[in-house]
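Colleague: Sharing a model prediction with you, sequence too.
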Amino acid sequence: MAGSNKKDMNQNDVIDSAKAFFTSFGILFLVFLIALVGSIIFPPKHGEEANGGGAPTAQIDAAAVFKQNCASCHGQNLEGIAGPNLTKVGATHSAEDIAKIIKEGKGGMPAGMLKKQPEIQAVAQWLSEKK
């Protein structure tokens, strides 16, 4: 009898392990299913929207963006270092012209130094006011 009792305990251990495995698998499956449904209902954003395309330019500190991304070439005070002096760039270029240069590059300036459209627009508008 003692031997059969040990066999019953081993079977119970196997059954308990199987229950635990399938319970864990079931929970993981439900989490996956919820994530899948959530991604269908709330799809990820792409393009400008994902890069903050909806943010108004008034909320962006153009001077801070410039200092972080552009000042190494154009100087902290727009005086120009490796890049041209921008202290009066607005006298010769519109905000649209400046935005195009920021996006596409010009001369020694590479394209795409700023990636987010609202930042590009804010910096271009800020620089166009320098006359």
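Modeller: Done, it's in. Residues are numbered from 1 along each chain as shown.
Colleague: Looking at this protein, which helix is longest?
Modeller: With DSSP state H applied, the helix covering the greatest number of residues in the chain is identified as helix 2-41.
Colleague: for the record, mean pLDDT for that one?
Modeller: The average pLDDT for helix 2-41 rounds to 83.
Colleague: buried stuff in that helix?
Modeller: Using 16 or more other Cβ atoms under 10 Å as the burial criterion, none of the residues of helix 2-41 qualify. Placement of C-beta: from N, CA and C, glycine included.
Colleague: what do you get for stretch 78-98?
Modeller: Applying a neighbour-count criterion of 16+ other Cβ under 10 Å, one finds 78, 83-84, 86-87, 89-90, 93, 95, 97-98 buried in stretch 78-98.
Colleague: who's in contact with the next helix or strand after the longest helix of the chain?
Modeller: Later in the chain than helix 2-41, the nearest helix or strand by DSSP states H and E is helix 62-69. For helix 62-69, contacts defined as Cβ atoms under 8 Å, 6 or more residues apart in numbering pick out 74, 76, 113-114, 119, 122-123, 125-127.
Colleague: hmm, which of those are the buried ones?
Modeller: With neighbours counted by 16+ other Cβ under 10 Å, these contain buried members at 74, 114, 119, 122-123, 125-127.
Colleague: about what we covered before: max pairwise distance over the contacts of helix 62-69: which two?
Modeller: With distance counted by Cβ to Cβ, no two of the contacts of helix 62-69 lie farther apart than Gln76 and Gln125, which are 19.6 Å apart.
Colleague: Report the contact partners of Ile98.
Modeller: Under the criterion of Cβ under 8 Å, 6+ apart, the contact list for Ile98 reads 89, 123-124, 127-128.
Colleague: pLDDT score assigned to it?
Modeller: Here the pLDDT value assigned to Ile98 is 94.
Colleague: any idea which helix or strand comes after the helix or strand encompassing it?
Modeller: Here Ile98, judged by DSSP H and E, is contained in helix 95-104. The first helix or strand that comes after helix 95-104 along the chain, using DSSP H and E, is helix 117-128.
Colleague: Packing partners of that following helix?
Modeller: Applying 3 or more Cβ pairs under 8 Å, 6 or more residues apart in numbering; DSSP states H and E, we find helix 117-128 packed against helix 62-69, helix 95-104.
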